[in-house]
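Student: quick check, what structure comes out for this input:
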Amino acid sequence: VIKNYSISSEVIVDIDYKEMNKTLLEQFNKTKRIIGLAESTLTVYNEVIGYLLRFHDKGLAEMTSDDIREWFNYLLENGTTPRTVDNYRRYLSSFYNFCNVEGLIFRNPMKKIEGIKQPKQVKQPFSNEEIVLLRNNCNTLREKVIFELLLSSGVRVSELSNINREDLDFNNNSFYVIGKGSKERKCYFNESAKVAIKNYLDSRTDTNAALLVSYMKPHHRLGIVGIETNLRQVGERAGVTNVHPHRFRRSFCCSLLSKDVPLEQIRILAGHANLETTKLYVVEDEDEIKFNHKRYVN
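Tutor: Presented below is the predicted three-dimensional model:
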């Protein structure tokens with residue numbers, strides 16, 4: 001005889017998978033914010049997961065490895081590059097690993113999905129001739145600051161935009177930036193950048209705290225798009241193609257490598273989280289390789 005129990009005619013209803021998806025994403029976003037993940041990066045995570053959910057209208061917890069492979073195949077067959085699809089894979093792996101470790105889901109569908117092979121593309125830094133052409137075609141004091149500071153410090157364009165006047169230490173030719181993951185690092189600039197910065201600041205009559213400001217009053221901080229536009233205009237005048245902030249960063253890393261600076265120190269100066277990222281930035285000089293082969297082999 002079973003006592004103190006009653007039989008109910010109510011039917012247990014499954015949890016709405018859309019509400020569950022929302023809960024998983026909210027938990028993921030909340031936790032990643034606490035550890036300092038940038039809002040822009042979180043936005044990309046959510047966009048990628050949104051793409052997956054629009055392809056498979058089902059719960060994230062019920063998603064299988066085959067479901068995700070099917071989506072990846074669809075993307076590749078419809079023109080998405082292998083590099084982009086592999087980036088999606090990395091974002092999904094991070095999300096599902098978090099959910100699995102936190103006990104929010106019982107299995108991780110990304111465990112069985114390997115990296116997507118992609119053709120190796122060698123992204124070239126500026127040549128010495130291109131650097132001379134670009135320097136000679138910086139027509140304004142602000143353009144000279146942007147050019148010299150990017151080339152000598154290797155900072156990201158977002159970091160350059162966020163520099164304030166008071167951040168600059170002219171005694172040590174240095175400044176601090178807040179990079180990816182809200183990590184602070186010390187950056188350095190050379191004498192050419194120092195002269196360019198001082199000439200630019202001496203010409204300013206505004207009181208804006210930003211290092212780089214717009215030409216028009218009330219002289220707002222110059223943003224990423226403004227910096228990119230300036231560089232593109234300099235490139236057009238110089239006859240140099242593909243002039244953008246990230247190429248200066250690559251040139252910075254390659255220049256240090258050519259001067260025998262250890263890769264680990266280049267990693268620190270560039271603000272990379274790991275050495276593998278730094279290795280993607282550096283390109284060996286073919287002329288130097290040819291010279292060393294002739295020197296040591298012959």
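Student: so what's the residue nearest the centre of the chain up against?
Tutor: Central residue of the chain (C-alpha atoms, centre = their mean): K180, 7.5 Å from the mean position. Going by C-beta atoms under 8 Å, 6 or more residues apart in numbering, K180 touches 38, 41, 156, 271, 273. Using the backbone N, CA and C atoms, a C-beta is placed for each residue, glycine as well.
Student: check which helix or strand the nearest residue to K32 once chain neighbours are set aside maps to.
Tutor: Spatial nearest neighbour of K32, excluding adjacent residues (C-beta to C-beta, 6 or more residues apart in numbering): L42 at 6.0 Å. Using DSSP states H and E, L42 falls within helix 39-55.
Student: after that helix, which helix or strand is next?
Tutor: helix 65-77.
Student: what comes into contact with that next one?
Tutor: Taking C-beta under 8 Å, 6+ apart as the rule, helix 65-77 contacts 51-52, 55-56, 58, 82, 84-85, 88-89, 92, 109-113, 116.
Student: contacts for the helix or strand just after that helix, please.
Tutor: Next in sequence after helix 65-77, counting helices and strands by DSSP H and E, comes helix 82-101. With contacts defined as C-beta under 8 Å, 6+ apart, helix 82-101 is touched by 24, 27-28, 31-32, 44-45, 48-49, 51-52, 60-61, 68, 72, 75-76, 104-110, 113, 115-119.
Student: one more pass at 7 Å, please.
Tutor: The contact list for helix 82-101 (C-beta atoms under 7 Å, 6 or more residues apart in numbering) reads 24, 28, 44-45, 48-49, 52, 68, 72, 75-76, 105, 108-110, 113, 115-118.
Student: relative to G223, how far out is the residue nearest to K32?
Tutor: Using C-beta to C-beta, to the nearest Å, one obtains 20 Å as the distance from L42 to G223.
Student: kindly report the same for H272.
Tutor: Counting by C-beta to C-beta - H272 and G223 are separated by 24 Å.
Student: can you pull out the low-pLDDT segments for the stretch 151-298 of the chain?
Tutor: 283-298 (pLDDT under 70).
Student: swap the cut-off to 90 and go again
Tutor: Applying pLDDT under 90 to the stretch 151-298 of the chain flags residues 178-184, 216-218, 253-263, 266-268, 270-298.
Student: quote the end-to-end distance of stretch 197-211.
Tutor: Using C-alpha to C-alpha, to the nearest Å, the end-to-end distance of stretch 197-211 comes out at 9 Å.
Student: which residues sit against that stretch?
Tutor: If you take C-beta under 7 Å, 6+ apart as the criterion, stretch 197-211 is touched by 141-142, 145, 163-166, 168, 213, 219, 221.
Student: 10 Å instead, please
Tutor: By C-beta atoms under 10 Å, 6 or more residues apart in numbering, the list of residues contacting stretch 197-211 from outside reads 140-146, 148-149, 160-168, 170, 173, 175, 189, 212-214, 217-223.
Student: roughly how far apart are G181 and I197?
Tutor: Taking C-beta to C-beta, one finds G181 at 27 Å from I197.
Student: more neighbours: these two, which one.
Tutor: Neighbours were counted for G181 and for I197 using other C-beta atoms under 10 Å; I197 has more, 24 against 12.
Student: check contacts around T43.
Tutor: T43 neighbours (C-beta under 10 Å, 6+ apart): N29.
Student: ok, F147 next?
Tutor: F147 makes contact with 131, 134-135, 137-138, 192-193, 196, 230-231, 234, 243, 248 under the criterion C-beta under 10 Å, 6+ apart.
Student: alright, I will stop here.
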